[in-house]
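Q: Sequence first, predicted model second:
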Amino acid sequence: MRHWIAILLLAGIAGCKRPATLQPAKETAKDVKVAAGEIGSRLPEFSVIDLQSQAISSADLRGKVVLIDIWATWCGPCRNEMPGYQKLADEYGARGLSVVGLKANMMADTENPLSFARRIGVHYPLVVATDDLLKKFGGLEGLPTTLVYDRQGILRKKVIGFEYTSVFEAEIKALL
């Protein structure tokens, strides 16, 4: 009998809640910090000079849907994706899409990056990305890496590895 009383007392104590004034506040969406490069993170602040000697910054991209393409000249899947991104830039640029290529610099280029871009028909801004710049986008996990940010600068899609242009086009159309 005492055994049952002890169990009931323990169950009653375990079920008690602290007074509301002592409970931690619930997190709100604004309180949650999302790591750079993770879905829901913000477009990082940056200012760089592209391969055509033009300045480009995150401030230039505010209010636009932004596709960030992390690539390299020696990356076969990058070479396959980039012309599709140029087509997206051509088709949706007037509606508020900006495409920016960040050239990873982990290995030597197989050819001059500007010649490479011209040869495959790419003329969106291309930047040689420093390690610090890549860290702002969450670091480099693989090539190619494609990031799509909405007009509020929130990361909505991230793909590491090759993906068909049509997948990004559907995402971009929904954000425009």
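A: Thanks, I have it. Residues are numbered from 1 along each chain as shown.
Q: Now residue 164: phi and psi?
A: When read as degrees, to the nearest 10, the backbone of residue 164 gives phi -70, psi 140.
Q: Kindly list the longest helix within the protein.
A: helix 76-92 (DSSP state H).
Q: Where does pLDDT dip in the protein?
A: 1-32 (pLDDT under 70).
Q: re earlier: what element comes up after the longest helix of the chain heading to the C-terminus?
A: strand 97-103 (DSSP states H and E).
Q: partner strands of that following strand, parallel or antiparallel?
A: strand 65-71 (parallel), strand 126-128 (parallel) (DSSP bridges).
Q: quick one on the thing from earlier: tell me the angle of the longest helix of the chain relative to strand 65-71?
A: Per axes from the mean of the first three to the mean of the last three Cα atoms, to 10 degrees, the angle that helix 76-92 makes with strand 65-71 is 160 degrees.
Q: List the contacts of helix 76-92.
A: 65, 67, 69, 71-72, 97-99, 101, 116-117, 120-124, 143-144, 146, 161-165, 168-169, 172-173, 176 (Cβ atoms under 8 Å, 6 or more residues apart in numbering). In short, each C-beta sits where N, CA and C put it, glycine included.
Q: and that helix, which residues are buried?
A: 78, 79, 81, 82, 84, 85, 86, 88, 89, 92 (16 or more other Cβ atoms under 10 Å).
Q: Just send the residues you listed back as CSV, with distance to residue 111 too.
A: CSV is the format used below for these (distance: Cβ to Cβ, whole Å):
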residue, distance to residue 111
78, 13
79, 11
81, 17
82, 14
84, 20
85, 19
86, 18
88, 24
89, 22
92, 29
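Q: picking up where we left off before, most tightly packed of the strands paired with strand 97-103?
A: strand 65-71 (a mean of 24; mean count of other Cβ atoms under 10 Å).
Q: what does that one rub up against?
A: 43, 78, 81-82, 85, 88-89, 92, 96-104, 129, 134, 137, 140, 143-151, 153, 168, 172, 175-176.
Q: Quick check: ChimeraX command selecting the buried ones in those residues.
A: To isolate the buried ones among the contacts of strand 65-71 in ChimeraX, judged by 16+ other Cβ under 10 Å, type:
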select :43,78,81,82,85,88,89,92,97,98,99,100,101,102,103,104,129,134,137,140,143,144,145,146,147,148,149,150,153,168,172,175
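Q: Helices of this structure, residue ranges please.
A: 2-14, 58-61, 76-92, 113-120, 131-136, 165-175.
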